[in-house]
Every structure is written in C-alpha cells, then in structure tokens.
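In: Pasted the sequence and its predicted model underneath.
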Amino acid sequence: MVYAHSQTMVSPEHALAGRETPIVPTGLHAVLGTPIVPPFPAGLERAVFAMGCFWGAEKAFWSLPGVYTTAVGYTAGFTPNPTYDEVCTGRTGHTEAVLVVFDPAQTSYAELVAAFFEHHDPTQLMRQGNDVGTQYRSGIYPFSDAQRTQAEATMATYAARLGAAGFGEIATEVVAGGDFYYAEEYHQQYLAKNPYGYCGLGGTGVSCPVGVLPPG
C-alpha cells in the first residue's frame, strides 16, 4: 500500500520500525535566542499543536507574547524517533507538529489555542491547502485535563462561528500529549532562516474568541 500523500492512517503493525537514537537539535532558537530542548526554566508550560506544514506553524507562535521558545517535530504516531523522510512516507503515523513553551503568567493556553485555530483551516481533513497526507492533519495534544478542557471548549465555540460563516465541521483531533520527537536541525525556525521559504498555511478569516465557553 502507498501511504505517501494518503489520507488514510497507517496501522501500528504496518508502521516503520524507527530507531532508539533521537534527533537532538543543538542550536538556540534562531529568533528568540532561547534553548529549544529541555531543561526549560521553572514555571513554564508546554503546548503541542499540528496545523499543516510545521515551518509555517512554528512561525505563527514564536512572536506571540509570553512564548519562551518553539520547536518543530513529530507527534501522535507509532514510529520511535522518526526522520523527516520517514514521516513523509505516511508510514510513521505522525503529524508535523510545533512545540510551544510558554509563560502562563504572560499568556494563557486559551490564547495559544485561539492562535492555532486562526492560523489554519481546521475543517480540512488530513491536509492543509496543497499539502495532502496524514502528516498534515490538524491536532491539539494537551498535557493536562485543564488543557484538554480549554481546547475542547474553544473548539466548540469556534465550530459554531465557522458554521455561521459557511464552513464545514472541524476535523481537528484532540489527543493526549505523548512523545514529541524533534525534527532535524534544518527544519527548526526554517522560515526565519529562509524568509522566502514555502508556507502553505492559510486561515479561514474567522476570528476565534479566547476564554469563551461554547453555546449550550
């Protein structure tokens, strides 16, 4: 079976084997000058989102107030320590993701979720624009019950706004945060290093409210 560009998830038994050795980027954040791998300063929290090509997804977050650092990688799949080439085959089950490390005293998780929804089209299934495949699926990966509750509440509210604007149903998956595998060094802050690089993300133009409970 051909999985590249497929909108069908690979099963665990057909996923690539991967490896024990992780990819560990060594440089500082190209924009913020902060470390992109742990340990991070005490009091900071993590968020992980997937919204299409991770180059543009990372850029959407690194300039937001309260964001300490960002990094790109792979999550929600089956293959341990995958490479970019492996993820592109569609046989690892991962989606391209961005890790956001933020200061909850300066910004809220809800504000990050709102930015996530506004910077892509969450109604597209297993794709964003011309980027097609399971690696481009939309996802939120909460690390706590509080994050999950906020994500689901914001998604319900935003779904109502999208529906009123004529869009279809949200296809975003909300799955408990698990392993985040760092992508290769050259992918980190790619659009800062390559200002004219490709970015296929585009929002719906519908604003997402922050901290508002869904109608019900």
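Out: Arrived safely, thanks for sending.
In: Using CSV, write down the CA coordinates of stretch 108-127.
Out: Provided in CSV are the C-alpha atoms of stretch 108-127 (Å, rounded to 0.1, in the frame of the first residue of the first chain):
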residue,chain,number,x,y,z
SER,A,108,-2.8,31.6,28.5
TYR,A,109,-3.2,28.3,26.9
ALA,A,110,-6.5,29.5,25.6
GLU,A,111,-4.8,32.3,23.7
LEU,A,112,-2.5,29.8,22.1
VAL,A,113,-5.4,27.6,21.1
ALA,A,114,-7.1,30.6,19.6
ALA,A,115,-4.0,31.4,17.6
PHE,A,116,-3.8,27.7,16.5
PHE,A,117,-7.4,27.9,15.1
GLU,A,118,-6.9,31.2,13.4
HIS,A,119,-3.7,30.4,11.5
HIS,A,120,-5.0,27.4,9.5
ASP,A,121,-8.2,25.8,8.2
PRO,A,122,-9.3,23.2,10.8
THR,A,123,-12.1,21.9,8.6
GLN,A,124,-9.7,20.3,6.1
LEU,A,125,-9.2,16.6,6.8
MET,A,126,-5.6,15.3,6.5
ARG,A,127,-4.5,18.3,4.6
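In: Give me the distance from that stretch to the chain's centre.
Out: How far stretch 108-127 lies from its chain's middle: 9 Å, per Cα atoms, centre = their mean, to the nearest Å.
In: Can you name the next helix or strand after the longest helix along the chain?
Out: Among the elements of the chain assigned as helix by DSSP state H, the one spanning the most residues is helix 145-164. Next along the chain after helix 145-164, taking DSSP states H and E as the criterion, comes strand 173-174.
In: Just the residues contacting that following strand, thanks.
Out: Among residues not part of strand 173-174, those counted as contacts by Cβ atoms under 8 Å, 6 or more residues apart in numbering are 76, 137-142, 148, 151-152, 155. To be clear about C-beta, it is placed using only N, CA and C from the backbone, and glycine gets the same treatment.
In: Put the buried members of those residues into a ChimeraX selection.
Out: Typed into ChimeraX, the next command selects the buried ones out of the contacts of strand 173-174 (criterion: 16 or more other Cβ atoms under 10 Å):
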select :76,137,138,139,140,141,142,148,151,155
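In: Looking at the contacts of strand 173-174, which is nearest Q128?
Out: If you rank these by distance to Q128 using Cβ to Cβ, S138 comes first, at 7.6 Å.
In: And the residue lying closest to the closest one once chain neighbours are set aside, how close does it get to A47?
Out: Using Cβ to Cβ, 6 or more residues apart in numbering and skipping the chain neighbours, the partner closest in space to S138 is T172 (4.2 Å). Distance, T172 to A47, using Cβ to Cβ, to the nearest Å: 14 Å.
In: Great, nothing more from me.
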